[in-house]
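Asker: sequence and predicted structure, then a few things I'm wondering about:
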Amino acid sequence: MNDFTKEDMEEALRAITSMISRTEKSKEKFAQGTSQYTLQKNRLRALNIVSSLISKELKESNGMDCYTKEDLEKALAPIASLISKSEKAQKKLAQGTWQHTMLSNNLRALYIASPFLTKALSEISAGKRQALK
């Protein structure tokens, strides 16, 4: 996307990769079938999708992703939730602490990732509309 520099996207990708790692570890702490497990599973799926979308943009690839419209739609809520929860948590932390810095990096990454998700969803929707004509 033209609004972000290559460096912005690379930093976002690093932060998202870190979030994926932490989410995978967190998911292991919960029993399958619990709401916490499902929440972590949905977050993990959404983070993997946005990671893939940013990676695709960095490689400037025109290849089609293997995500369906439903996959992309389901990824919207977990990303929005991560943004909201991170913003609330960050307000409770003192600037300069490692937690505040980590949340700042995560938020910057999620703000970059969100438009990629929206764009991919629009492209899939437009493609389906064209196929119906």
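Answerer: Good, I have the coordinates.

Asker: can you check which helix is longest in this protein?
Answerer: In the chain, assigned by DSSP state H, the helix with the most residues is helix 98-132.

Asker: and it, what does it pack against?
Answerer: Helix 98-132 sits against helix 6-27, helix 35-59, helix 69-91, with contacts defined as 3 or more Cβ pairs under 8 Å, 6 or more residues apart in numbering; DSSP states H and E. From N, CA and C alone the C-beta is placed, and that goes for glycine too.

Asker: do you know which of those lies nearest Ala109?
Answerer: Evaluated with Cβ to Cβ, the helices and strands packed on helix 98-132 place helix 6-27 nearest to Ala109, the distance being 3.6 Å.

Asker: give me the contact list for that closest one.
Answerer: Outside of helix 6-27, the residues within contact range by Cβ atoms under 8 Å, 6 or more residues apart in numbering are 4, 37, 40-41, 43-44, 47-48, 50-51, 54-55, 57-58, 82, 105-106, 108-110, 112-113.

Asker: apply 7 Å and report the result again.
Answerer: The contact list for helix 6-27, computed with Cβ atoms under 7 Å, 6 or more residues apart in numbering, reads 37, 40-41, 43-44, 47-48, 50-51, 54-55, 57-58, 105-106, 108-109, 112-113.

Asker: got a list of what the closest residue to Leu103 other than its chain neighbours touches?
Answerer: If the residues on either side of it in the chain are set aside, Leu103 comes closest to Gln90, at 4.2 Å by Cβ to Cβ, 6 or more residues apart in numbering. Taking Cβ under 7 Å, 6+ apart, we find Gln90 in contact with 100, 103-104, 107.

Asker: related to what we said a few turns ago, format the helices and strands packed on helix 98-132 as CSV; extra columns: distance to Lys119 and mean pLDDT.
Answerer: As requested, the helices and strands packed on helix 98-132 are arranged in CSV below (distance: least, Cβ to Cβ, whole Å; pLDDT from 0 to 100):
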stretch, distance to Lys119, mean pLDDT
helix 6-27, 13, 96
helix 35-59, 8, 95
helix 69-91, 10, 96
